[in-house]
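Visitor: Sequence plus the predicted model coming up.
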Amino acid sequence: MPQIPPPVIQVSHLRKAFGAHAVVQDVSFAVAAGETLVLLGPSGCGKTTLLKMLNRLIEPDGGRIEINGQDVLSQRPEVLRRGIGYVIQQVGLLPHYTVAENVAVVPRLLGHAPAAIVARTKALLTRLHLPAARYAGQYPHQLSGGQQQRVGLARALAADPPIILLDEPFGALDPVTRASIRHEFRELEELRSKTMVLVTHDVTEAFELADRIMLLDAGQIQQLGTPRELLFRPANDFVRRFFAAERLALQLRTLTLGDVFEANEAEGPKAAFRAGTTVHEALEALTGPAAAAAPFTVAQLMAGFGEALQREEDAWKR
Ligand SMILES: Nc1ncnc2c1ncn2[C@@H]1O[C@H](COP(=O)(O)OP(=O)(O)OP(=O)(O)O)[C@@H](O)[C@H]1O
């Protein structure tokens, strides 16, 4: 039998109330190593409260949270938090520290060697498109919102924690910056092996970043599954209604060229036309310079997409 690795985060029967208001109600789930779990749901459904219980910024009323098999309540909160990166919308950079000093906060607390901290900070800033020569000595107020967000991400990654929690990390940005940072975020080598839990109320963001999505309402899990499962196999009416307005856009982001065409028809010479490319990405590529390399036309793609949708819906009905 193949060995299934134990989950990195295991949550059982977690509960939290503020006064009479039950904000998180009997929530259980597990996050596997390297997985990105997105907490999604309407405002006030308990996403942030749930996330903050994972690193003990909020203490639960009941239930259990284990990280790498160890009960979080058995660890000192500050020690627990040093092993878990945390990125928030308000970034929270220290205003009187330079960019480099902000990034170095946790490695310093952990007693890493100064030379190693400098090298790591430089490498991270460069990877996040903030060349150290230009930005390391600047102060947060000298940076744009998008740049501050990148520093916040660099800070969370500085000590290379295996787990990262992110609360609306792109929430304060305008839609264009938001989409481009999100794209960079997805491509970032540094994040490939991380176990991440990310809070958002943005459905597109959830579909772009999640391995699995937990859709919450009123503190309860409505459905936990892959984007494809939530879209094509909604567990209840709440789930169906939640995605209704953006259904077509989400279908375009969920189905891939591999779903639409036979493998050999889908693959073109450009990376934009691989079996794993989403229909949405392929449509974008068909309006750009890569279009000439496409092994199909927009009309063929859309006809194939229609058929694939039908197949997908039929498969779930069975
Ligand atoms: N410290 C607190 N004291 C009292 N009520 C609180 C506290 N923190 C959160 N709440 C309430 O708990 C509910 C859930 O809040 P939470 O921040 O977890 O929601 P959310 O899903 O992250 O919402 P949003 O998307 O708007 O940030 C809200 O009704 C909120 O008012």
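Guide: Alright, I've got the coordinates. From a predicted model like this one, the values you see are computed outputs, not experimental measurements.

Visitor: Contact partners for R228?
Guide: R228 is in contact with T254, E312, counting by Cβ atoms under 8 Å, 6 or more residues apart in numbering. Backbone N, C-alpha and C define where each C-beta goes, glycine included.

Visitor: Can you check the pLDDT for it?
Guide: On the pLDDT scale, R228 is placed at 93.

Visitor: Distance check, it against the ligand.
Guide: Going from R228 to the ligand by Cβ to the nearest ligand atom, to the nearest Å gives 24 Å.

Visitor: quick one: what helix or strand has that residue in it?
Guide: Using DSSP states H and E, R228 maps to helix 227-232.

Visitor: Flag every buried residue along the helix or strand following that helix.
Guide: With elements assigned by DSSP H and E, the helix or strand that comes after helix 227-232 is helix 237-244. Buried residues in helix 237-244, counted by 16 or more other Cβ atoms under 10 Å: F238, V239, F242, F243.

Visitor: For the residues you listed, work out which two are farthest apart.
Guide: Across the buried residues of helix 237-244, the longest distance by Cβ to Cβ is 10.1 Å; it joins F238 and F243.

Visitor: can you list residues touching both of these two?
Guide: In contact with both F238 and F243: no residue, using Cβ under 8 Å, 6+ apart.

Visitor: Which residue comes closest to the closest residue to the ligand within the stretch 151-300 of the chain once chain neighbours are left out?
Guide: Relative to the ligand, the nearest point of the stretch 151-300 of the chain is H201 (4.8 Å; Cβ to the nearest ligand atom). Nearest non-adjacent residue to H201, counting by Cβ to Cβ, 6 or more residues apart in numbering: S43, 6.3 Å away.

Visitor: C-alpha coordinates for the helix or strand where G306 lies, CSV please?
Guide: Per DSSP H and E: G306 is located in helix 298-317. Below are the C-alpha coordinates for helix 298-317, written out as CSV (Å, rounded to 0.1, in the frame of the first residue of the first chain):
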residue,chain,number,x,y,z
VAL,A,298,-10.7,30.3,-31.1
ALA,A,299,-13.8,28.8,-32.7
GLN,A,300,-12.4,25.2,-32.3
LEU,A,301,-11.4,26.0,-28.7
MET,A,302,-14.9,27.2,-27.8
ALA,A,303,-16.7,24.4,-29.6
GLY,A,304,-14.4,21.9,-27.7
PHE,A,305,-15.0,23.8,-24.4
GLY,A,306,-18.8,23.4,-24.9
GLU,A,307,-18.5,19.7,-25.5
ALA,A,308,-16.1,19.3,-22.5
LEU,A,309,-18.6,21.1,-20.3
GLN,A,310,-21.4,18.8,-21.3
ARG,A,311,-19.2,15.8,-20.7
GLU,A,312,-18.2,17.1,-17.2
GLU,A,313,-21.8,17.8,-16.3
ASP,A,314,-23.0,14.4,-17.5
ALA,A,315,-20.2,12.6,-15.6
TRP,A,316,-21.3,14.2,-12.3
LYS,A,317,-24.9,13.3,-12.9
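
Visitor: Tell me how far it lies from the chain's centre.
Guide: The chain centroid and the centroid of helix 298-317 are separated by 27 Å under Cα atoms, centre = their mean, to the nearest Å.

Visitor: and the stretch 101-250 of the chain, which residues reach the ligand?
Guide: For the stretch 101-250 of the chain, the residues in contact with the ligand (Cβ under 6 Å from any ligand atom) are H201.

Visitor: Low-confidence regions, the stretch 101-250 of the chain specifically.
Guide: 172 (pLDDT under 70).

Visitor: the strands in it, which residues?
Guide: Secondary structure of the stretch 101-250 of the chain by DSSP state E, counting those that start in this stretch: the strands cover 163-167, 195-200, 212-217, 220-225.

Visitor: Adjacent strands (with direction) for the second one?
Guide: Paired with strand 195-200 in the same sheet, following DSSP bridges, are strand 36-40 (parallel), strand 163-167 (parallel).
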